[in-house]
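Trainee: Need a 3D model of the following:
(2 chains)
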2 protein chains.
Amino acid sequence: MSATLQDPATLTASEAAEAIAAGRLSAEALVRACLDRIVARDAAVQAWAFLDPDLALAQARAADRSARRGPLHGVPVGLKDIIDTYDMPTQCNSPIWAGRRPYADSACAAAIRAAGGVILGKTVTTEFANRHPGPTRHPMDPERTPGGSSSGSAAAVADHQVPLAIGTQTSGSMIRPAAFCGIWGYKPSFGEISRVGVFQQSGSLDTLGFCARSLEDVQRLRAVMLRLPYQPVSAAPTAPRIALCRTPQWNQASAAAQSALEDAARRLAAAGARVTELELPPALFGDWLSVHRRIANFESARNFGHERHRHRDMLSKDLGEGRIRDGEATPLEAYVAAQRSAEAMRAWAEDALSGLDAVLTLPAAGEAPKGLSETGNATFNSLWTMLYTPCLTLPFGSGPGGMPLGVQLVSQRHEDERLFATAGWVANTLRE
Amino acid sequence: MSATLQDPATLTASEAAEAIAAGRLSAEALVRACLDRIVARDAAVQAWAFLDPDLALAQARAADRSARRGPLHGVPVGLKDIIDTYDMPTQCNSPIWAGRRPYADSACAAAIRAAGGVILGKTVTTEFANRHPGPTRHPMDPERTPGGSSSGSAAAVADHQVPLAIGTQTSGSMIRPAAFCGIWGYKPSFGEISRVGVFQQSGSLDTLGFCARSLEDVQRLRAVMLRLPYQPVSAAPTAPRIALCRTPQWNQASAAAQSALEDAARRLAAAGARVTELELPPALFGDWLSVHRRIANFESARNFGHERHRHRDMLSKDLGEGRIRDGEATPLEAYVAAQRSAEAMRAWAEDALSGLDAVLTLPAAGEAPKGLSETGNATFNSLWTMLYTPCLTLPFGSGPGGMPLGVQLVSQRHEDERLFATAGWVANTLRE
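Mentor: Next comes the predicted model:
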């Protein structure tokens, strides 16, 4: 390879797909470049729970032999290790599921294959996408967490080990690690993307999401997941209506995160955006954290039926004594009341966000913290997960430790395309 | 056994659980009685997709050896063959899943085991709980369908082969077969009972339900599923407020079904119930059938990703060329619009049902029809599935062919206990 050629591992998925479609790059060369990068970096980052280079290369060669099948033809994707594939194990970072080989592909794995994509391997999750961490480290600092629960997905994409990866979010498991790692993270509107074949914690909250290195890549993967034609929206041509939302948990954010968000708001306003402020009414949102917790824990205690009944001693203390124990003690009435509160909050948000292109808010409390025993604070994410709104985080600024910060944009439910158009304008503006 | 003793297979689950708890019956004797009944009747009814007598008896003997674990201690339960168990196959009545052995129990199987219950076996489903029928026949007439998709669950319970069985409903798959077979059928409020380990067609509609021979049994199994203390509600002491709802599809019901429902309404009114009529506003409900269809089909087309991508030729024409093809052609905008319509209908129902104890409506268009090539009309069920309301059907009257008819009661979402209290009063009244 000539020194002037870009390493294929550093291409975005869209650049790679276009190069493959044009015959300038083979899927095999792309996958080899990703595998080489993993070999060089795996000891430091530890993003992969399962990786079989021969299987990945066989998929790539099959893509090279076949006609173009879709927008991801020949492009590798990582799957969080709670997502089933028929040809690789799914182990959920739990000894209970060690060695488990699913019978079938998850709907998202099947959609990637149908679009010509290569399933590169499984990325490290916290235990069952909950809190107990896996081995993955931040690509920029091995003493820091990459965030979680989609730890490996975010770290692998940020570290150029794979251009795209799928994660999930029940509290803040998708947006937070993407922000920590300095990449794009996307949580779609709740309910649009199939969760078949994905380990379930909370049916009312669990949402698949994506890690990517460009907004175009987010849109490309969404079209594949929804099995719709790939028609990316352009950046909004006119300045959007944006509301800064500090949330009631503002005081949990670091000074650097607070000032980055306020700086972003000022710069967007200076570029012509109509920037207002959005306050969550205290009467409705005063106990939103406990509403989220009651829903998540009641459902988890029942969804983990097999693990509770047959393998309770193999659950971490975090999960077995924490979430599950709390959910077991939650009465049905408290769960139903929490569901009704969440519905009322969603109805408020549907109305409050209808006149906005996006809310501008924090994706995390600050930069990735030091230490590997936990994956950071999900407070700035759980709210939007429960509100079912589409969310995007994009990198902006850095913290006192030199780690990336981000800003999160949130639109009305089912207005994901409006969110993309707004995010395009915001990214262009903040880049200037 | 003395001729004066009742065959244990004819006991309800509650009678059996109490006899076992009192030491008057062993789990092994109960399971043997069910197995004997199956041996005698299986050639005619064909309700079981998987049955291993030794495995069932081993579970029963283990229950007999252990202290009482819960309200189903020693009681056998059948599971529709789309529900996972770690020790039996789950095959979905599809060659694609032939021989599949799940890695783990579904949440509902784990809950039954945690309550001391015996998983007797897997009951026949239509292909993937969709329309293409299995071999099961109506216990009272082998030329008639038992209904579907929970065909084996309803037939086995009605035929005294097992006292309880679990089914699912996406359109009318739980209430209709129960009505056809002359037993109690229950579809809980959407979202309360875990669906982990249950094959998913439509995440927005799929709901687990129960087949039983008494209202007490329905409540017993619900407490087990929700992992709550078993505290059955008594029949309402005062006459309830009931609204007769013919639905816009009234003209699809047989004359016998229409007059049975109107007769029931008259008898309830004569006993003191305040009986009004509920009309669904045409502006809101005019296209409810297509709203349901768009949601179910859009989601199914994506959820069946593995089957579509790898085994399309092994899907029935009903499913592959019907629901999935239609869902593939449904744009995201049409799906989102349908979801918004369904939400508006649910908001209307929440309000309209708030002043009622129950709606009285048809569980099916009539008695079980002749022929085994389809499982009957789901029109009188899909509406309530989409409205997320709890539903109960109980046997009442019979059709021109001598087959059972039923009446369906529906309460406001999350008011399942009010529904039970009302159903107790209704059942007592209609029995007189």
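Trainee: Skip the chain neighbours and tell me the closest residue to the closest residue to chain B within the stretch 101-250 of chain A.
Mentor: Across the stretch 101-250 of chain A, no residue is closer to chain B than residue A:110, which sits at 3.2 Å (Cβ to the nearest Cβ). For the C-beta atoms, the positions are set from N, CA and C on the backbone; glycine is no exception. In this structure, residue A:110 finds its nearest non-sequential neighbour in residue B:305, 3.2 Å apart by Cβ to Cβ, 6 or more residues apart in numbering or on different chains.
Trainee: what comes up buried for the strand or helix carrying residue A:30?
Mentor: According to DSSP states H and E, residue A:30 maps onto helix A:27-45. For helix A:27-45, the neighbour count (16 or more other Cβ atoms under 10 Å in any protein chain shown) marks A:27-35, A:37-38, A:41, A:45 as buried.
Trainee: With pLDDT and distance to residue B:117 added, can I get those in JSON lines?
Mentor: Shown next, in JSON lines, are the buried residues of helix A:27-45 (pLDDT from 0 to 100; distance: Cβ to Cβ, whole Å):
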{"residue": "A:27", "pLDDT": "98", "distance to residue B:117": "51"}
{"residue": "A:28", "pLDDT": "98", "distance to residue B:117": "53"}
{"residue": "A:29", "pLDDT": "98", "distance to residue B:117": "56"}
{"residue": "A:30", "pLDDT": "98", "distance to residue B:117": "52"}
{"residue": "A:31", "pLDDT": "98", "distance to residue B:117": "49"}
{"residue": "A:32", "pLDDT": "98", "distance to residue B:117": "53"}
{"residue": "A:33", "pLDDT": "98", "distance to residue B:117": "54"}
{"residue": "A:34", "pLDDT": "98", "distance to residue B:117": "49"}
{"residue": "A:35", "pLDDT": "98", "distance to residue B:117": "49"}
{"residue": "A:37", "pLDDT": "98", "distance to residue B:117": "51"}
{"residue": "A:38", "pLDDT": "98", "distance to residue B:117": "47"}
{"residue": "A:41", "pLDDT": "98", "distance to residue B:117": "50"}
{"residue": "A:45", "pLDDT": "98", "distance to residue B:117": "46"}
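Trainee: Return the distance of the nearest residue to residue A:330 once chain neighbours are set aside relative to residue B:194.
Mentor: Using Cβ to Cβ, 6+ apart and skipping the chain neighbours, the partner closest in space to residue A:330 is residue A:298 (4.5 Å). Using Cβ to Cβ, to the nearest Å, residue A:298 is found at 10 Å from residue B:194.
Trainee: And for residue A:257?
Mentor: 37 Å.
Trainee: same check, this time on residue A:76
Mentor: From residue A:76 to residue B:194 the distance is 34 Å (Cβ to Cβ).
Trainee: Can you pick out the residue with more neighbours from those two?
Mentor: Legend: neighbour count by other Cβ atoms under 10 Å in any protein chain shown for residue A:76 and residue B:194, higher for residue A:76 (29 against 25).
Trainee: Just the element for the closest residue to the more buried one other than its chain neighbours, please.
Mentor: In space, residue A:76 comes closest to residue A:120 once its chain neighbours are excluded; the distance is 3.9 Å by Cβ to Cβ, 6+ apart. Taking DSSP H and E as the definition, residue A:120 sits inside strand A:118-123.
Trainee: That strand to helix A:27-45, inter-axis angle?
Mentor: If you take axes from the mean of the first three to the mean of the last three Cα atoms, to 10 degrees, strand A:118-123 sits at 10 degrees to helix A:27-45.
Trainee: Tell me the residue of the stretch 301-432 of chain A that sits nearest chain B?
Mentor: In the stretch 301-432 of chain A, the residue that lies nearest chain B is residue A:305 (3.2 Å; Cβ to the nearest Cβ).
Trainee: would residue A:375 count as being in a strand?
Mentor: No: using DSSP: H, G, I helix; E, B strand; the rest coil, the assignment for residue A:375 is coil, not a strand.
Trainee: Need the nearest residue in space to it, chain neighbours excluded.
Mentor: residue A:148 is the one closest to residue A:375 (Cβ to Cβ, 6+ apart), at 3.0 Å.
Trainee: Save the buried residues of helix A:27-45 as a markdown table, and put in distance to chain B too.
Mentor: Below are the buried residues of helix A:27-45 laid out as a markdown table (distance: Cβ to the nearest Cβ, whole Å):
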| residue | distance to chain B |
| --- | --- |
| A:27 | 18 |
| A:28 | 22 |
| A:29 | 26 |
| A:30 | 22 |
| A:31 | 20 |
| A:32 | 26 |
| A:33 | 27 |
| A:34 | 23 |
| A:35 | 25 |
| A:37 | 29 |
| A:38 | 27 |
| A:41 | 31 |
| A:45 | 29 |
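Trainee: The residues you listed into TSV, with extra columns for distance to residue B:189?
Mentor: Formatted as TSV, the buried residues of helix A:27-45 follow (distance: Cβ to Cβ, whole Å):
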residue	distance to residue B:189
A:27	48
A:28	52
A:29	54
A:30	49
A:31	48
A:32	53
A:33	52
A:34	47
A:35	49
A:37	50
A:38	47
A:41	49
A:45	45
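Trainee: Show me where chain A has its strands.
Mentor: For chain A, the strands defined by DSSP state E cover A:48-51, A:76-80, A:118-123, A:164-169, A:184-187, A:207-212, A:241-244, A:274-277, A:358-361, A:391-398, A:404-410.
Trainee: which secondary structure elements does the first one contact?
Mentor: So the one you mean is strand A:48-51. helix A:27-45, strand A:118-123, helix A:151-158 (3 or more Cβ pairs under 8 Å, 6 or more residues apart in numbering or on different chains; DSSP states H and E).
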